[in-house]
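*Asks:* Dropping the sequence and predicted coords here.
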Amino acid sequence: GEKGNLRQEVEGKYIQQSYVESKDGSDEVYLQSIFCKTPQFEEEEVVKEPKEGKEAEKKEEPRPKEKFPQKCKVSITLDGQHYIDCDQDFLIYPSGIRINNAQPKCGPVVGGTTLSLLVDMDPSISSYLFNLCVGFQARPGTNPTLGKSKKGTQEDKKGAQEDKKEDLDVSKQPLRKNSRMGTITPGGSRFGGGTQTSGNIQFQNGTSPINPLEPSEGQLDLDFWHCATATFEAGKISCHIPKLFKFDPENLQYNVDIALNGQQFSGYPMIFRYYDIAITDAYPKFGPVEGGTTITVKGTGFYDSGGKKFKFETTNGEREMSAAWDRKEKCFTCKTPPISWYFQGKSPSNSLLQKTKESQIKLSLTLNGHDWIFVGYFEYYDPIVDRLAYDLAFGEGLPEAEIAKKWIEEEVLPPVPTDPEELKNLQAEEQKRAAEENEEFSTLYRRSGTRFYILGKNFKKCSTIKIRFMHEGKAYFADGVYKNEKKVGCIIPDMADIPVGEYKLFVDISFNGQQFSNSGKVLLYQSHDRTLSPEELKKQDEAMSKDKKKGGAPAKGAPPAKK
């Protein structure tokens with residue numbers, strides 16, 4: 001030791017021979033490596049006093065504690081008498097160094113995530129961290145990589161070491177006249193000892209030493225540890241988490257520990273959680289510009305993580321939002337923000353706002369704040385409901401099968417005339433037709449089975465269209481049929497629990513099954529007597545058509561009219 005109070009000797013195990021090229025490539029260099037395990041360095045040593053006469057009554061007095069880390073000089077002898085010092089110092093560091101914090105605390109099984117470990121360590125140790133590594137070990141259970149028990153694997157390793165070991169007698173290997181000690185690997189050891197070191201005997205100047213302690217050489221007892229090389233800077237150890245090629249999906253919690261010398265872990269691990277996630281579904285895929293749509297993401301390998309977040313990426317940048325964990329359904333959810341949220345308080349131009357409405361927004365999920373998993377795309381829409389109109393003559397004269405087929409077919413919008421006069425005449429015809437349809441819709445009460453249209457603009461083509469009918473706070477639903485961006489069809493459902501009579505029901509539309517238009521449009525609904533035959537109902541309809549008139553007596557149970 002540098003203080004002159006540490007001196008111990010250990011036996012060298014064997015010599016590894018190898019040939020490498022010199023730096024300039026002009027010659028072949030012969031290298032030998034002697035291996036040994038470092039002894040245990042006690043922090044407190046006791047001096048044993050003689051036990052004869054008065055001296056026997058003296059108590060054993062402890063020496064002062066050695067302070068670690070401490071630099072040491074390592075020497076080697078082949079004959080037990082003559083020692084050669086190594087050019088490099090060897091560092092003995094305290095075994096109390098441990099991880100204080102780890103970020104992130106989880107990562108994907110494919111690896112690659114940058115892991116940062118906060119450690120409290122003497123700055124002088126940092127210059128000796130030539131073999132710094134971080135290890136990951138499944139807890140608990142058998143080796144998930146090899147599928148063998150720990151005992152069996154150690155025996156396999158021992159056998160492999162014996163096969164590779166050369167039967168060389170160190171005492172019979174003379175030092176050449178121009179030989180000297182080059183480097184020590186690793187450059188440090190904890191004071192508890194047990195580190196396997198090697199001295200590279202360099203026979204020619206200017207040659208880079210080799211590291212004989214590579215795991216492929218069978219010298220490291222990894223005990224099922226997945227190791228990654230690491231760096232140290234500003235009190236923080238960083239590494240990329242290793243990829244797991246074989247693992248137990250039911251046991252993805254791992255011990256993570258540090259080995260300052262690449263061999264001995266601190267023994268004070270922290271828990272790191274691997275995950276293996278696959279997205280199977282995300283819905284709905286669109287919602288209104290006001291926001292508030294609940295997006296549900298389902299998949300495999302999900303679990304509740306403290307770092308869960310969603311990220312929305314647009315042409316204007318990206319923003320993050322916290323995710324919620326549904327413990328019962330084992331899925332993640334979040335509510336979409338209003339479209340104005342993406343502009344971060346700024347007022348966008350109409351063209352930029354429209355561009356954002358028409359674009360697809362990329363949605364991603366993270367469990368650790370570092371690695372993002374692609375979920376899908378989300379779109380905003382801004383539908384406008386203008387009016388409702390009956391189609392009482394739909395499918396007349398056609399068989400039922402043809403009527404059903406025709407009902408779900410899309411309708412192509414007619415081209416807009418380029419001639420100003422033709423455009424003016426077309427607009428006049430549309431206004432006249434709209435007035436007639438409005439009068440019919442506002443004066444005729446219709447029962448279940450009647451077809452009608454919701455007319456407007458910016459309608460979203462999808463298979464999740466729902467029409468809501470509200471009566472005294474209770475909602476009734478029916479499927480909507482997309483016709484084109486200005487038209488959606490619907491058949492009035494049978495609301496049998498509404499008493500016989502005539503009622504005004506509020507009608508609204510939703511394209512994602514969650515949020516409805518709140519347009520305030522009213523449907524005149526007739527809840528008929530279910531005991532009447534089809535012929536009697538037909539006569540009732542004919543009588544109603546003859547007596548139709550605008551206005552009339554208030555309907556039963558009618559809600560207050562909306563302004």
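*Replies:* That came through fine. From a predicted model like this one, the values you see are computed outputs, not experimental measurements. Numbering: from 1, shown residues only.
*Asks:* make it CA atoms for all contacts and neighbour counts henceforth
*Replies:* Will do.
*Asks:* Could you measure from the residue nearest the centre of the chain over to residue 511?
*Replies:* The residue lying closest to the centre of the chain (C-alpha atoms, centre = their mean) is residue 366, at 3.3 Å. With distances taken as C-alpha to C-alpha, to the nearest Å, residue 366 is found 28 Å from residue 511.
*Asks:* burial measure for residue 264, as a count.
*Replies:* Under the neighbour criterion other C-alpha atoms under 10 Å, residue 264 is assigned a count of 22.
*Asks:* my hunch is that it is in a strand, does that hold up?
*Replies:* No: counting by DSSP: H, G, I helix; E, B strand; the rest coil, one finds residue 264 to be coil, located in no strand.
*Asks:* Quick check, pLDDT for it.
*Replies:* Residue 264 is assigned a pLDDT of 84 by the prediction.
*Asks:* Then residue 206?
*Replies:* Residue 206 is given a pLDDT of 33.
*Asks:* so where's the stretch 301-450 of the chain shaky on pLDDT?
*Replies:* For the stretch 301-450 of the chain, no stretch is flagged by pLDDT under 70.
*Asks:* what about the strands in it?
*Replies:* With DSSP state E, counting those that start in this stretch as the criterion, the stretch 301-450 of the chain has strands at 309-314, 317-322, 324-326, 331-335, 361-366, 372-381, 384-390.
*Asks:* Pull the CA coordinates from the helix or strand containing residue 92 and hand them back as PDB.
*Replies:* Secondary structure from DSSP states H and E places residue 92 in strand 84-93. Output of strand 84-93 as PDB, limited to C-alpha atoms (Å, rounded to 0.1, in the frame of the first residue of the first chain):
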ATOM      1  CA  ILE A  84       9.500  -6.900 -10.500                       C
ATOM      2  CA  ASP A  85       7.200  -4.000 -10.000                       C
ATOM      3  CA  CYS A  86       4.300  -3.300 -12.300                       C
ATOM      4  CA  ASP A  87       4.200   0.000 -14.000                       C
ATOM      5  CA  GLN A  88       0.600   0.600 -13.100                       C
ATOM      6  CA  ASP A  89      -0.800   1.200  -9.600                       C
ATOM      7  CA  PHE A  90      -3.500  -1.100  -8.300                       C
ATOM      8  CA  LEU A  91      -6.400   0.400  -6.300                       C
ATOM      9  CA  ILE A  92      -8.200  -1.100  -3.400                       C
ATOM     10  CA  TYR A  93     -11.600   0.400  -2.900                       C
END
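*Asks:* just how off-centre is it within its chain?
*Replies:* 45 Å (C-alpha atoms, centre = their mean, to the nearest Å).
*Asks:* Which elements pack onto that strand?
*Replies:* strand 70-76, strand 180-185, strand 188-190 (3 or more C-alpha pairs under 8 Å, 6 or more residues apart in numbering; DSSP states H and E).
*Asks:* These: lowest mean pLDDT?
*Replies:* strand 180-185 (a mean of 50).
*Asks:* nearest spatial neighbour of residue 363, skipping sequence neighbours?
*Replies:* residue 312 (5.0 Å; C-alpha to C-alpha, 6 or more residues apart in numbering).
*Asks:* Count the neighbours of that neighbour for me.
*Replies:* 19.
*Asks:* and it, what is it in contact with?
*Replies:* Neighbour list for residue 312: 318, 319, 320, 321, 361, 362, 363, 364 [criterion: C-alpha atoms under 8 Å, 6 or more residues apart in numbering].
*Asks:* Now list the buried members of these.
*Replies:* Applying 16 or more other C-alpha atoms under 10 Å to the contacts of residue 312, the neighbour count classes 361, 362, 363, 364 as buried.
*Asks:* Residue 98: which of these is nearest?
*Replies:* Among the buried ones among the contacts of residue 312, residue 364 lies closest to residue 98 (C-alpha to C-alpha), at 34.7 Å.
*Asks:* For the closest one, give the beta-bridge partners.
*Replies:* residue 311, residue 374 (DSSP bridges).
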